[in-house]
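Enquirer: Need a 3D model of the sequence below.
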Amino acid sequence: MRCLGYCPTTAEAKKYFTVSGGKIDFPSFLEILYKESEKGDPLIEVHRALQCMDRKRQEWITVPEFVSILSSIGEKMSPMEVSKILAQCDISDNRVHYSDILKYLVSVPLPYQYSDKLVR
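Expert: Residues are numbered from 1 along each chain as shown. All right, here's what the predicted structure looks like:
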């Protein structure tokens, strides 16, 4: 799916395999792709979520706010993963600009993680 530009979360991928009994046939795969296509552009959704955190519309959030988001909301990131992202952002005055976050997301290749828990 990621080769086709879709970004299901790990939890969603596990759910797809669980619902289909551990194997996904082609018609089921097409249904999953259709569901994924209805989600919208992940970058736009990330930008909107950041704007919700930024009530003053300054186009940045503080580093502690960003760390809190990454480590506590959705699929929680480890401190090491958070550090890697922060290292790629141009942080000044303890602020992270949306543009840096979005540039990072665009530049990072999508992970291909297959585990025994996902694929049988």
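
Enquirer: can you pull out the helices in the chain?
Expert: 10-19, 26-37, 42-53, 63-72, 79-88, 98-107 (DSSP state H).

Enquirer: Let me have those helices in JSON lines, extended by mean neighbour count and mean pLDDT.
Expert: Every C-beta, even on glycine, is put in place using the N, C-alpha and C of the backbone. Formatted as JSON lines, the helices of the chain follow (neighbours: other C-beta atoms under 10 Å; pLDDT from 0 to 100):
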{"stretch": "helix 10-19", "mean neighbour count": "14", "mean pLDDT": "86"}
{"stretch": "helix 26-37", "mean neighbour count": "12", "mean pLDDT": "86"}
{"stretch": "helix 42-53", "mean neighbour count": "13", "mean pLDDT": "83"}
{"stretch": "helix 63-72", "mean neighbour count": "16", "mean pLDDT": "92"}
{"stretch": "helix 79-88", "mean neighbour count": "13", "mean pLDDT": "90"}
{"stretch": "helix 98-107", "mean neighbour count": "15", "mean pLDDT": "84"}
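
Enquirer: Dump those to TSV, plus distance to residue 3.
Expert: TSV is the format used below for the helices of the chain (distance: least, C-beta to C-beta, whole Å):
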stretch	distance to residue 3
helix 10-19	14
helix 26-37	11
helix 42-53	16
helix 63-72	26
helix 79-88	23
helix 98-107	17
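
Enquirer: So for residue 4, which of those sits nearest?
Expert: With respect to residue 4, and counting by C-beta to C-beta, the nearest of those is helix 26-37 at 7.0 Å.

Enquirer: May I have the closest one as CSV, with CA atoms only?
Expert: The C-alpha coordinates for helix 26-37 follow below in CSV (Å, rounded to 0.1, in the frame of the first residue of the first chain):
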residue,chain,number,x,y,z
PHE,A,26,-6.9,-9.0,-4.3
PRO,A,27,-10.6,-7.9,-4.0
SER,A,28,-10.2,-7.3,-0.3
PHE,A,29,-7.0,-5.3,-1.0
LEU,A,30,-8.9,-3.1,-3.5
GLU,A,31,-11.6,-2.4,-0.8
ILE,A,32,-8.9,-1.5,1.6
LEU,A,33,-7.3,0.9,-0.9
TYR,A,34,-10.7,2.5,-1.5
LYS,A,35,-11.1,3.1,2.3
GLU,A,36,-7.6,4.5,2.4
SER,A,37,-8.2,6.8,-0.5
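
Enquirer: Many thanks, I have nothing further to ask.
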